[in-house]
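Student: Okay, sequence plus prediction incoming.
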Amino acid sequence: MKEINLTGKELVMLQMMAQNCFAYTNYGVPQEFDDCGTLWSNQLDNCTLKDGMEMPPASSFGGIMASLVKKGLAVADDFGGRDSTCALTEEGFKAWQEQVQNVTR
């Protein structure tokens, strides 16, 4: 996979989606794409962040998610709506593995 340039906030959002309480691993580390699943958008902050990561303000979640969707790393259904959902794509999972999970901070 060609490395995609991501901002710090985008990397944090990938982490928020990968290790979320609503992911199949329940805050745990997903080993494969199928471990991630679909998340409630309003629960993105219920996650495990890596040391040194800072949660972006909730007001910026929509913009960060829109950027990840545009880059093909996430999908979102009516982001911000009451029953909206989001998920990593396979490419998003790979980007998380390569640029977040396998990086020593």
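Tutor: The structure has been received and is ready for your questions. Residues are numbered from 1 along each chain as shown.

Student: Check the gap between the closest residue to Met53 other than its chain neighbours and Gln19 for me.
Tutor: Spatially, and ignoring its direct neighbours in sequence, Met53 is nearest to Val12 (5.2 Å; C-beta to C-beta, 6 or more residues apart in numbering). C-beta: built from backbone N, CA, C; applies to glycine. Separation of Val12 from Gln19 (C-beta to C-beta, to the nearest Å): 11 Å.

Student: where do the contact lists of those two overlap?
Tutor: Here Val12 and Gln19 have Leu49 as joint contacts, going by C-beta atoms under 8 Å, 6 or more residues apart in numbering.

Student: Please identify which helix or strand holds the residue nearest to Met53.
Tutor: In the assignment (DSSP states H and E), Val12 maps to helix 8-18.

Student: Just list what that helix packs against, helices and strands only.
Tutor: helix 61-70, strand 74-77, strand 85-88, helix 90-96 (3 or more C-beta pairs under 8 Å, 6 or more residues apart in numbering; DSSP states H and E).

Student: Name every strand pairing with the next helix or strand after that helix and say which way it goes.
Tutor: Per DSSP H and E, helix 8-18 leads on to strand 39-40 as the next helix or strand towards the C-terminus. Strand pairing for strand 39-40, determined by DSSP bridges: strand 85-88 (antiparallel).

Student: Format the helices and strands packed on helix 8-18 as JSON lines; extra columns: distance to Met55.
Tutor: Shown next, in JSON lines, are these (distance: least, C-beta to C-beta, whole Å):
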{"stretch": "helix 61-70", "distance to Met55": "10"}
{"stretch": "strand 74-77", "distance to Met55": "17"}
{"stretch": "strand 85-88", "distance to Met55": "16"}
{"stretch": "helix 90-96", "distance to Met55": "16"}
